[in-house]
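1. Model the following, please.
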Amino acid sequence: MKPDFSKMSRQELKEYVLSHREDVEALDALHERRIPDAEAIWFNAPTSVEEVQQQFERFQQMQNQRENYDKSP
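-> Okay, here's the model as predicted:
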């Protein structure tokens, strides 16, 4: 019996797919949860120390949001 993919966190689903590579249904479920490139944020090369700090802080915020997303069902 297959697990309920909708109740798995993104990380759990990723681990399942890696250990059950033949399970196309699980791969489809993981693919549906992807973050589209349309939502990508591009950073330009910083031109000052302030911009470096601002970009670093923004990147940390994004990383924290991503970690919270990965833990959600």
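2. C-alpha only now, for contacts and for neighbours.
-> Fine.
3. And the helices in the protein, which stretches?
-> 10-19, 24-32, 49-71 (DSSP state H).
4. pLDDT score assigned to M8?
-> The model reports M8 with a pLDDT of 93.
5. Quick check: phi and psi on it?
-> phi -90, psi 150 (degrees, to the nearest 10).
6. how about low-confidence regions in this protein?
-> 37-39, 70, 72-73 (pLDDT under 70).
7. In it, which residue sits furthest out from the middle?
-> S48 (29.6 Å; C-alpha atoms, centre = their mean).
8. Any chance of the backbone angles for it?
-> Dihedral angles for S48 - degrees, to the nearest 10 - are phi -150, psi 170.
9. Can you tell me how far it is from H31?
-> From S48 over to H31 the distance is 38 Å, taken as C-alpha to C-alpha, to the nearest Å.
10. repeat for N44
-> In terms of C-alpha to C-alpha, N44 sits 29 Å off from H31.
11. Looking at those two now, which is surrounded by more residues?
-> Taking other C-alpha atoms under 10 Å, N44 and H31 do not tie; H31 has more neighbours (12 against 8).
12. How about V52, nearest residue that isn't a chain neighbour?
-> P46 (5.6 Å; C-alpha to C-alpha, 6 or more residues apart in numbering).
13. who touches V17 in this structure?
-> The contact partners of V17, taken as C-alpha atoms under 8 Å, 6 or more residues apart in numbering, are D23, A26, L27, L30.
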